[in-house]
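[1] Test case, fold it:
(one chain, ligands or ions: 1)
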Amino acid sequence: MAEIKVRVRFAPSPTGDLHVGNIRTALFDWAYARHTGGTFIFRIEDTDTTRVTDEYITAAIDTLRWLGLQWDEGPEVGGNFGPYLQSQRLDLYSHWAQKFLDQKDAYYCFCTAEELEARREAQRAANVAPGYDGQCRNLSDDQIATFRAQGRSPVIRMRMPDGHTTFVDQIRGELSFDHKFVPDFVLVRGDGSPLYTLAVAVDDVLMKVTHILRGEDLLSSTPRQIRVYQAMGLKDEEFPTFAHLPFVMGQDNAKLSKRNGEVSIAWYREAGFLPEAICNYLALLGWSPGEDRENITMKELTELFTVERVNSSPARFDMKKLEAINGDKIRALSVEEFLNWSLPFLKKSDVITGTDEEIALVRAALPIIQERITKLSEIPGMLKFLFVKDFYVELESISKVTDSDSKEVLRRTLDELTPLRDWTHSSIEAALRSSLIERMGLKPRVAFGSVRIAVTGSTVSPPLFESMELLGKKVCLERISSALTL
Ligand code: GLU
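    Residues are numbered from 1 along each chain as shown. Reported below is the predicted structural model:
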């Protein structure tokens, strides 16, 4: 048998910013496509126009690009099976819905929302599984004409035959759904708009998708999708292969949810996580290359990824681990890469405007903070002392430079550094060590703490002597003198 050419799709409904779960799915879809030499399709499921906005669609496209998950077919890049926005494919869904009606796989249902609710209430009271009771399954032409004359606009419902749907999920093994619990479902609303189950299944068939890797929240819709494939004339062996990925849980073992701000990828981006770190972390969340490891590159992921190695139990999200990986990825950046990642953060927080002179100073300063940060958003706070025009000592630190011991430290520092000619971090350090530690007998933390506050304005800064070298002699001495006047 000829090898099938793998086609996988990532098909979000952007009703908000993409979240951790979506991105883990996208990453696995992408990795599977790359591993198999297949095609990665990006499709936007935007038929729910009340919840999906253009802004969220644009953001989803931007997020996927930012993560480096290049798609082979989809928005902006096109492809032979487009368009890739469902809102541009409505005619196709109508065509198939009509065909299902003609084939008697589907039927018009005129039940109103109130009637359905009343009957559901009765089902609940009788302890019967809730769901459509088949009332409109076999309407005569006359009955249909009467309903239409009453001005009712029907939905189109798929007929679910008695029996079971059984399929093999690549992660969960064989699964079987009894149709008693899969009632006839709506394909098209009264206003003619398609529902998810129709659109997703039609598109997966028309786009020749071979593998569907997606979140397990969609597992229950799989028998309905299979029903649509059947109505489209597909044979069992032509169905895509399903793999439902386990949930990503929060640290408290509750499901990560949109309500939690730390779910949205936009949040991680703003907080200064690198895309490689997010992908690295999410890749190893629920999947393993077969050995215990914390770091993986995108290239290794594409080489090693197989669905068999996806863990079938839920994965637990661990922010500390992600931060540690982010720190590793930051340290692995070249100075120029680190500079490019840093500049937007420094500009956004108004630490620099972006002049050549400022950029040169940032470039010189970055190596001293590269070891110390776990998120890019820490950079402005770390480097602002180099750029502030109106320097001041942070309110909460003032008392730490105004007591008499600190004043003495600062006076000695000034005396020691004023004549210093060679303004390098090692000579500054040597001078201050001999004066403050050896001669005054102070503990380094106490002595250098005061100097740090005087020159950087804060108790948190990059290494002191390197900071002083970068800041320059004139500015350091000015700041120490002015701290003495506080
Ligand atoms: N559009 C669906 C969602 O975002 C996913 C479709 C699918 O992967 O089957 O929930």
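[2] C-alpha from now on. contacts and neighbour counts both.
    Fine.
[3] Please work out which residues outside stretch 479-486 touch it.
    393, 398, 401, 402, 407, 410, 411, 414, 451, 454, 455 (C-alpha atoms under 8 Å, 6 or more residues apart in numbering).
[4] what do you get for stretch 180-189?
    97, 129, 131-134, 154-160, 162-163, 194-198, 223-224.
[5] thinking again about what came up before, pick the one among the contacts of stretch 479-486 closest to the ligand.
    residue 393 (49.5 Å; C-alpha to the nearest ligand atom).
[6] Roughly how far does the closest one sit from residue 446?
    Distance of residue 393 to residue 446, given as C-alpha to C-alpha, to the nearest Å: 17 Å.
[7] of the two, who's got more company?
    Counted by other C-alpha atoms under 10 Å, residue 393 and residue 446 do not tie: residue 393 has more neighbours, with 21 against 15.
[8] part of a strand, is the more buried one?
    No - applying DSSP: H, G, I helix; E, B strand; the rest coil, one finds residue 393 to be coil, outside a strand.
[9] Can you tell me the closest non-neighbouring residue to it?
    Counting by C-alpha to C-alpha, 6 or more residues apart in numbering, residue 457 is the residue found nearest to residue 393 once chain neighbours are left out, at 3.9 Å.
[10] Confirm for me that the one you found is in contact with residue 394.
    Yes - counting by C-alpha atoms under 8 Å, residue 457 does reach residue 394; the two are 5.6 Å apart.
[11] Quickly list what's touching both of these two.
    Joint contacts of residue 457 and residue 394 (C-alpha under 8 Å, 6+ apart) do not exist.
[12] Between these two, which has more neighbouring residues?
    residue 457 (23 against 14).
[13] Could you check how far that one is from residue 367?
    21 Å.
[14] what do you get for residue 68?
    Residue 68 is 26 Å from residue 367, by C-alpha to C-alpha.
[15] With residue 170 instead?
    When residue 170 is compared with residue 367 (using C-alpha to C-alpha), they lie 46 Å apart.
[16] related to what we said a few turns ago, write a ChimeraX command that selects only the buried members of the contacts of stretch 180-189.
    Buried subset of those, written as a ChimeraX selection, criterion 16 or more other C-alpha atoms under 10 Å:
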select :97,131,132,154,155,156,157,158,159,160,194,195,196,197,198,223,224
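[17] mind listing what's buried in the helix or strand encompassing residue 119?
    Following DSSP states H and E, the helix or strand that holds residue 119 is helix 113-125. Going by neighbour count (16+ other C-alpha under 10 Å), the buried part of helix 113-125 is 120, 123.
[18] Please put the alpha-carbon coordinates of the helix or strand following that helix into CSV.
    Remark: after helix 113-125, the chain's next helix or strand is helix 141-149, criterion DSSP H and E. C-alpha atoms of helix 141-149 as CSV (Å, rounded to 0.1, in the frame of the first residue of the first chain):
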residue,chain,number,x,y,z
ASP,A,141,-44.4,17.1,3.6
ASP,A,142,-47.8,18.4,4.9
GLN,A,143,-46.5,18.8,8.4
ILE,A,144,-43.4,20.6,7.1
ALA,A,145,-45.7,22.9,5.1
THR,A,146,-47.8,23.6,8.1
PHE,A,147,-44.8,24.5,10.3
ARG,A,148,-43.4,26.7,7.5
ALA,A,149,-46.8,28.4,7.2
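[19] Might you name the residue of the stretch 301-450 of the chain sitting closest to the ligand?
    Counting by C-alpha to the nearest ligand atom, the stretch 301-450 of the chain gets nearest the ligand through residue 307, at 15.9 Å.
[20] Could I get the pLDDT score of that residue?
    Here the pLDDT value assigned to residue 307 is 94.
[21] One more: residue 439?
    For residue 439, the predicted pLDDT is 90.
[22] ok, the closest residue to residue 154 other than its chain neighbours - how many residues close by?
    Closest residue in space to residue 154, ignoring its immediate chain neighbours: residue 110 at 4.5 Å, by C-alpha to C-alpha, 6+ apart. As a burial measure, residue 110 scores 22 neighbours (other C-alpha under 10 Å).
[23] now do residue 431
    16.
[24] next one: phi and psi at it?
    phi -60, psi -50 (degrees, to the nearest 10).
[25] Now do the same contact list for it.
    416, 417.
[26] Residue 321 versus that one, what's the distance?
    In terms of C-alpha to C-alpha, residue 431 sits 40 Å off from residue 321.
[27] cool, and residue 445?
    For residue 445 relative to residue 321 (C-alpha to C-alpha), the value is 30 Å.
[28] same check, this time on residue 297
    16 Å.
[29] for residue 90, same thing?
    Taking C-alpha to C-alpha, one finds residue 90 at 44 Å from residue 321.
[30] Looking only at neighbour counts, state which of those two leads.
    residue 90 (15 against 12).
[31] Let me see the contact set for the more buried one.
    So residue 90 contacts 193, 194 (C-alpha under 8 Å, 6+ apart).
[32] Next one: it relative to residue 198, how far apart?
    Counting by C-alpha to C-alpha - residue 90 and residue 198 are separated by 11 Å.
[33] Also residue 309?
    31 Å.
[34] can you check residue 375 too?
    From residue 375 over to residue 198 (counting by C-alpha to C-alpha), the distance is 43 Å.
[35] go on, residue 79?
    Taken as C-alpha to C-alpha, the span from residue 79 to residue 198 is 22 Å.
[36] cool, residue 323 as well?
    Residue 323 is 41 Å from residue 198, by C-alpha to C-alpha.
[37] same question, residue 122
    For residue 122 relative to residue 198 (C-alpha to C-alpha), the value is 28 Å.
[38] Can you convert the contacts of stretch 479-486 into a markdown table and add a column each for secondary structure and pLDDT?
    Formatted as a markdown table, these follow (DSSP: H, G, I helix; E, B strand; the rest coil; pLDDT from 0 to 100):
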| residue | secondary structure | pLDDT |
| --- | --- | --- |
| 393 | coil | 82 |
| 398 | helix | 85 |
| 401 | helix | 82 |
| 402 | helix | 85 |
| 407 | helix | 92 |
| 410 | helix | 95 |
| 411 | helix | 95 |
| 414 | helix | 96 |
| 451 | helix | 95 |
| 454 | helix | 94 |
| 455 | helix | 95 |
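[39] Tell me which two of those residues sit farthest apart.
    Farthest pair in the contacts of stretch 479-486 (C-alpha to C-alpha) is 398 and 414. Separation: 18.2 Å.
[40] any weak-confidence spans in the chain?
    Residue ranges of the chain with pLDDT under 70: 1-3, 257-262.
[41] For it, what lies in contact range of the ligand?
    11, 12, 13, 45, 214 (C-alpha under 6 Å from any ligand atom).
[42] for residue 350, what are its contacts?
    Per C-alpha under 8 Å, 6+ apart, neighbours of residue 350: none.
[43] That one sits in which helix or strand?
    Assigned by DSSP H and E, residue 350 falls outside every helix and strand.
[44] next helix or strand past the one helix or strand residue 177 maps to?
    Using DSSP H and E, residue 177 maps to strand 173-178. Using DSSP H and E, the helix or strand that follows strand 173-178 in sequence is strand 185-188.
[45] buried stuff in stretch 81-89?
    Neighbour-count burial for stretch 81-89 flags 82, 83, 84, 85, 86, 87 (criterion: 16+ other C-alpha under 10 Å).
[46] scratch that, stretch 96-109 is what I was asking about
    96, 97, 98, 100, 101, 105, 106, 107, 108, 109.
[47] how far away is the fifth one from the ligand?
    Here residue 101 is placed at a distance of 24 Å from the ligand (C-alpha to the nearest ligand atom, to the nearest Å).
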